[in-house]
Every structure is written in structure tokens, then in C-alpha cells.
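> Provided below are the primary sequence and the corresponding predicted coordinates.
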Amino acid sequence: MKRGKKYRESAKKYDLSVSYELKPALDMVKAMAFAKFDETVDLSVKLHLKKSQSVRDTVVLPHQFRGEKKVLVFCKPEKEKEAQEAGAAFVGADDLIEKVKGGWLDFDIAVATPDMMKDVGKLGMVLGRKGLMPNPKTGTVTFDLKGALAELKRGRVEFRADKTGVIHLAVGKVSMENEQTAENVRAVLGEIKRKRPADAKGEFIETISVASTMGPGVWVIYKEE
């Protein structure tokens, strides 16, 4: 891939062929960020997985760095008040399903009560494509709307390994204190380790890297504990 001049100049500042401890790596990411906007810091974790294995879960990041997300809740009328008091931006049942079916997607997260999933499942082509389909594994299919929305507002995010076994997740902003970003990284790595498949053999986490939106990636030293 051909890189721009600013990227190439930035990459010259350090030896990017070696791995660094997390804090120095984040210092480097910040130093090499060159965009005029506040770049996001992204974490990439390569896992050793078989084709039959998958890793998917959620994690509450200790330090939030994005604006409050708009949560949509699919639920029956008797749960609407709970959803609204918990801070949902949109609450409804058939009316919202029809609206989404028509292409409306002005929300960041969708939550549904289990008794709504038969109908919400029909939105698979719309929500699935955008990664918005409620899922029990990520805590977005539940009758505990108060608890679910409280965690989402605290910064709970989903992570999942792609077909190549790599997890990509935003963990901070260049403008944040590096210690805060480091704590977010550690939280993610801790949850990934917890989701290690029971039949996984050998070294589970193969490589870790961090990078800003526009800048070069930096390898991070990681030791299995």
C-alpha cells in the first residue's frame, strides 16, 4: 500500500520493526499522530484460533472517550417506562421495527427484550449489516433494561475476532492521557484472555499493536501470565 508523505515522515521517527512496552508504545503513537483532528487510538490483537473457534464479548472501558451513544430499545409497552428512565433515546415495538425496516438507523446501539426477538430477528438484513443486531452474548438481549443501559452508558463496547483471528477496537484518543488509554488496553486484554476457548492450545495472544487513525502501528510487548 502506498503511504502518504506525512505518514512516511512520521514512521521515520522510531524503529517500528521491534516491540515496545505498552506505555512507550502509546507515547510513540501520540508522537507520530499527524492529522489535524483528534485521532482515535486503535488496538489490534492477533489471536491463535482454529477455524471452529471464535472470540466475542463486551468490555466496559475504564475511561470513555466518545460522546454518549443513542440507544434504541425494542420492548413491549410494559417495559417502555423502564427503558425511558434508564436513558434510552428511542423506545418502541412494532412501530420502531417498521421504521428500521424502512431504512432508519439514527441510533448507535440496539437493545431488545427476549420476547421481541422473534420480530426483531426479521431485521437481520438491516441491523446485521451494520453490526447493530441485539445479541445475548453482548448483553443487548435482556429483560434487565436498566442494568444493560447503565453499562452501555458507562462505556461498554463489543469486541470480536474477525475471520483472520484479529480483534480491532478503538481504545482512546490521542488527546487522552496515555495512562488512561493504557488502562483501557489492559481492560480489553483481560477480557480477551477470559474468553480463551477451552480447547485453545499454545500461545493464545500472538501479537498486539497500537496505532492512531492515520499514523503507523507500533508493536507491543506482551507476556502471557
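That came through fine. Not measured: the values here are computed from a predicted model.

> now the residue lying farthest from the centre of the chain, what's its secondary structure?
The centre of the chain is farthest from one residue, E78, which by Cα atoms, centre = their mean lies 31.0 Å away. Recorded secondary structure, E78: helix (DSSP: H, G, I helix; E, B strand; the rest coil).

> got the buried residues for the helix or strand of the chain with the lowest mean pLDDT?
Ranking every helix and strand in the chain by mean pLDDT, DSSP states H and E puts helix 5-11 at the bottom, with a mean of 82. With burial defined by 16 or more other Cβ atoms under 10 Å, the residues of helix 5-11 counted as buried are S10. Glycine gets a C-beta too; all of them are placed from N, C-alpha and C.

> And it, how far out from the chain middle?
28 Å (Cα atoms, centre = their mean, to the nearest Å).

> correct me, but A110 touches L72?
Yes. A110 is within contact range of L72, at 4.9 Å (criterion: Cβ atoms under 8 Å).

> what's whichever strand or helix holds V120 packed up against?
For V120, the host element (DSSP states H and E) is helix 117-120. The elements that helix 117-120 packs onto, with contact taken as 3 or more Cβ pairs under 8 Å, 6 or more residues apart in numbering; DSSP states H and E, are helix 94-101.

> So what touches the helix it packs on?
Helix 94-101 has contacts (Cβ atoms under 8 Å, 6 or more residues apart in numbering) with 72, 74, 90, 119-120, 122-123, 126-127.

> if you set the cut-off to 10 Å instead, what comes out?
72-75, 90, 92, 104-107, 110, 112, 116, 119-120, 122-123, 125-127, 132 (Cβ atoms under 10 Å, 6 or more residues apart in numbering).

> Tally up the residues packed near V218, please.
With neighbours defined by other Cβ atoms under 10 Å, the count for V218 comes to 23.

> That one against A33, yeah?
No. Look at V218 against A33 with Cβ atoms under 10 Å: they stay out of range, at 11.4 Å.

> Now the common contact residues for the two.
Between them, V218 and A33 share these contacting residues under Cβ under 10 Å, 6+ apart: 211-212.

> Could you look up the next helix or strand downstream of the longest helix anywhere in the chain?
Longest helix in the chain, counting residues (DSSP state H): helix 178-194. Following helix 178-194 in sequence order, the next helix or strand is strand 205-212 (DSSP H and E).
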